[in-house]
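Participant: Sequence plus the predicted model coming up.
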Amino acid sequence: MADAIASPAELCGILGLDPAQLPALIRDPVAIQGFPLRVPRGFVARMRHGDPNDPLLRQVLPLDAESSATAGFALDPVGDMAARAGAGLLHKYEGRALLIATGACAVHCRYCFRRHFPYSQEAALSNGWREAIDLLKADPSINEIILSGGDPLSLSDRRLAQLTEALTTVPHIRRLRIHTRQPVVLPERVDAGLLRWLSGLSLQKVVVIHANHANEIDDQVASACRDLAGCNVTLLNQSVLLAGVNDSVDALADLSEALMSVGVLPYYLHLLDRVQGAAHFEVDEATALRLHAALLQRLPGYLVPRLVREIPGAASKTPVTLGDRDLLREYVTASSD
Ligand SMILES: *Cc1c(COP(=O)(O)O)cnc(C)c1O
Ligand code: SF4
């Protein structure tokens, strides 16, 4: 993580790009300080040399477009603060609670909906997990704990073990789910120590990785996924539909196939959360539905992720569907024109 690239000039140099080929880079000093460029070298190695439109580059390159305020785009688009049950614990949906384990990430994704999240005040670790554990103990309806962030695998193995030890004192927690981008952007993180910790857990384990494009999945990622599966982990993927990254039927189908080839099932395809600074990534709902309908036609059902949107206050992620067979036919016809 410490070796990650933080300078746009260095990134351009490695990729053989002249900054003049790129859209204007970010100049707003506040935005740069709060959410600077960060990308692991191994992830950069999967970008195409000399291609200013590379889909992996687009996810991490801070552009000036981020500085423009867009109507309808908010600092907390998914209502995280309203769902706060205690320090670092978000309880939105029945049966599962989400723990903001840390604010740190190995990569800074420019579309991230938590890019403005007040991590320093909210990370559950700040009080040794105690407040969160006490809240979980008091609510027997919660049977699954989701580690999120930031990226929970930014924590050391020792911290993770402390947390899961504390969790074993809560008898109604049966499942541990980890939402992490590190097996993809920093597969080195899936090392012997992490695997030892995972193997030793008595909880059921689900790891939801986050890849948006087939080019993100290389041999090292494949090996990390194999190792995780070897610890009895169920592997799923969530992605975000992003303009210029994966907003075509080919890109989405290739992603599903690449995931399947490393033993990961597609889970969610999220419509962009409308966070301030990410408007240039938005794909409109009609286009998203058309892409999803075409994907259903092309792939086996288990390789088609659920298209969802997060609506603050809703009781679950909200499926985005056509809901009508005739409409579906119309969309598919239109998309093959
Ligand atoms: C997305 C999310 C979950 C998980 O929802 P699933 O539909 O179970 O994947 C849980 N808690 C919070 C706060 C979330 O944002
Ligand atoms: S890894 Fe996840 S939490 Fe971190 S910046 Fe990317 S999308 Fe946001």
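Facilitator: Nice, I can see it. Keep in mind the model is a prediction, meaning the values are calculated, not measured. Ligands and ions are numbered 1, 2, ... in the order given.
Participant: would you list every one of the strands in the stretch 201-337 of the chain?
Facilitator: For the stretch 201-337 of the chain, the strands defined by DSSP state E, counting those that start in this stretch cover 204-209, 233-240, 265-270, 306-309, 318-319.
Participant: how near is Val184 to Leu228?
Facilitator: 12 Å (Cβ to Cβ, to the nearest Å). (C-beta placed from N, C-alpha, C; glycine too.)
Participant: Over to Leu61?
Facilitator: For Leu61 relative to Leu228 (Cβ to Cβ), the value is 29 Å.
Participant: which of these two has more neighbours?
Facilitator: Leu228 (25 against 22; other Cβ atoms under 10 Å).
Participant: got the contact list for the more buried one?
Facilitator: By Cβ atoms under 8 Å, 6 or more residues apart in numbering, the residues touching Leu228 are Pro183, Val190, Leu195, Leu198, Val207, Leu235.
Participant: Out of these, which two are the most distant from each other?
Facilitator: Leu195 and Leu235 (13.7 Å; Cβ to Cβ).
Participant: Compare these two (neighbour count), which wins?
Facilitator: Using other Cβ under 10 Å as the criterion, Leu195 and Leu235 rank with Leu235 on top: 20 against 17.
Participant: Tell me how many other residues surround the nearest residue in space to that one that is not next to it in sequence.
Facilitator: Counting by Cβ to Cβ, 6 or more residues apart in numbering, Val264 is the residue found nearest to Leu235 once chain neighbours are left out, at 4.4 Å. The tally of other residues near Val264 (other Cβ under 10 Å) stands at 26.
Participant: And Ser156, by the same measure?
Facilitator: 11.
Participant: cool, Ser141 as well?
Facilitator: Around Ser141 there are 10 residues (other Cβ under 10 Å).
Participant: That one against Tyr93, yeah?
Facilitator: No. Here Ser141 does not reach Tyr93: they are 10.7 Å apart, not a contact under Cβ atoms under 8 Å.
Participant: So which bits of stretch 241-253 are buried?
Facilitator: Leu241, Leu242, Ala243, Val245, Asn246, Asp247, Val249, Ala251, Leu252, Ala253 (16 or more other Cβ atoms under 10 Å).
Participant: Please name the nearest non-neighbouring residue to the residue in the stretch 201-337 of the chain positioned nearest to ligand 2.
Facilitator: Using Cβ to the nearest ligand atom, His210 is the residue of the stretch 201-337 of the chain that sits closest to ligand 2, at 6.0 Å. Nearest non-adjacent residue to His210, counting by Cβ to Cβ, 6+ apart: Arg181, 4.3 Å away.
Participant: Around the closest residue to Arg27 other than its chain neighbours, how many other residues sit close by?
Facilitator: Counting by Cβ to Cβ, 6+ apart, Arg27 lies nearest to Asp64, which is 6.0 Å off, once chain neighbours are set aside. The number of residues packed around Asp64, counting by other Cβ under 10 Å, is 14.
Participant: which residues touch Ala211?
Facilitator: Neighbours of Ala211 in contact, by Cβ under 8 Å, 6+ apart: Val184, Ile217, Val221, Asn237, Ser239, Leu255, Ala258, Leu259.
Participant: whoops, I mixed them up, Gly263
Facilitator: Here Gly263 is in contact with Cys225, Arg226, Ala229, Leu235 (criterion: Cβ under 8 Å, 6+ apart).
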